[in-house]
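Participant: predicted model, plus sequence, below.
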Amino acid sequence: MDADTAKSAVILPGVVLGEGSTVAEFVMLGVAPRGHKAGDLDTVIGPGAVIRSHTVIYAGNTIGTHFQTGHSVMIRELNEIGDHVSVGTHSIVEHHVRIADNVRIHSNAFIPEYSILEEGAWVGPNAVFTNALYPLSLEAKSNLKGPHLLPGAKIGANCTLMPGVVIGRNALVGAGSVVVKDVPDGKVVVGNPARVIRDVSELEAYQVERLIDSKVEV
């Protein structure tokens, strides 16, 4: 089945849109970044995508299957995005970002250049990632480094992550925290600056036995 594309949507040259995708009103796909013209860079969006109104996706992105956006999302150029990824309303993903399968980014999040979000990572609303340790310094542009979320890392609402911090596998960053250094695997951190307060395994909601039981019941 071909993609269902609204009349007001603009799909520029070089865009390959997978079967069964839905493109809503006032969407723009394949926008040429600075220094390029339409069609210079291939843009591939896999089957089953749902691109909601006023989303803008620049050229040069490679996006997997069942990608979803909220309204007014911006995805800059040259990103690698996996399968079953969703990006919430008004969120921004800058260029040269790597997002693995099954990542969820909620509304009003900011993901800057050179960030890495590994499989199953979760980003809460209004989270802000940063990538310039010393903005406007002479070497700021050449030293950009975004945060790196390992598989299953969870970032609470209204968090700020400093450049280059690594959030460990299955770690949990509490809402409103400011993360200034790496978070170990499986730890819960809270506060400004964020500090370790316990293991994720101590939280009843994340206990393996509870998760297994809930699956059996379903």
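Facilitator: Right, received. Where do you want to start? Just so you know, these numbers come straight off a predicted model, no measurement behind them. Residues are numbered from 1 along each chain as shown.

Participant: might one say that residue 15 is in contact with residue 43?
Facilitator: Yes: between residue 15 and residue 43 there is a contact under CB atoms under 8 Å: 4.5 Å. For glycine as for every other residue, the C-beta is placed from the backbone atoms N, C-alpha and C.

Participant: this structure: helices as residue ranges?
Facilitator: Along the chain, counting by DSSP state H, helices occupy 208-217.

Participant: for this protein, which residue occupies the most central location?
Facilitator: Note on the chain: the residue nearest the mean C-alpha position is residue 105, at 4.9 Å, using CA atoms, centre = their mean.

Participant: partners of it in the sheet?
Facilitator: Residue 105 has these beta-bridge partners by DSSP bridges: residue 87, residue 123.

Participant: for it, give me the pLDDT.
Facilitator: pLDDT for residue 105: 98.

Participant: next, the contact list for residue 63, please.
Facilitator: By CB atoms under 8 Å, 6 or more residues apart in numbering, residue 63 lies in contact with 44-46, 49, 57, 79, 81, 85.

Participant: now do the closest residue to residue 13 other than its chain neighbours against residue 6, distance only.
Facilitator: The spatially closest residue to residue 13, leaving aside those adjacent along the chain, is residue 39, at 3.5 Å (CB to CB, 6 or more residues apart in numbering). Distance, residue 39 to residue 6, by CB to CB, to the nearest Å: 22 Å.

Participant: next one: residue 108
Facilitator: Using CB to CB, residue 108 is found at 24 Å from residue 6.

Participant: neighbour count winner among the two?
Facilitator: residue 108 (18 against 14; other CB atoms under 10 Å).

Participant: so the more buried one touches residue 125, yeah?
Facilitator: Yes: counting by CB under 8 Å, residue 108 touches residue 125, with 5.5 Å between them.

Participant: sorry, back to before: joint contacts of residue 15 and residue 43?
Facilitator: With CB under 8 Å, 6+ apart as the test, residue 15 and residue 43 both reach 29-30, 59.

Participant: the residues you listed in strands, which ones?
Facilitator: When these are checked against strands (DSSP state E), the matches are 29-30.

Participant: would you turn the shared contacts of residue 15 and residue 43 into CSV with pLDDT?
Facilitator: Below are those laid out as CSV (pLDDT from 0 to 100):
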residue, pLDDT
29, 98
30, 98
59, 98
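
Participant: which of the shared contacts of residue 15 and residue 43 sits closest to residue 98?
Facilitator: Using CB to CB, residue 59 is the member of the shared contacts of residue 15 and residue 43 that sits closest to residue 98, with 17.4 Å.

Participant: any idea how far that closest one is from residue 31?
Facilitator: Residue 59 sits at a distance of 6 Å from residue 31 (criterion: CB to CB).

Participant: more crowded one of these two?
Facilitator: Between residue 59 and residue 31, counted using other CB under 10 Å, the more crowded position is residue 59 (24 against 20).

Participant: so, low pLDDT: which residues of the protein?
Facilitator: 1, 208-218 (pLDDT under 70).

Participant: thank you, goodbye.
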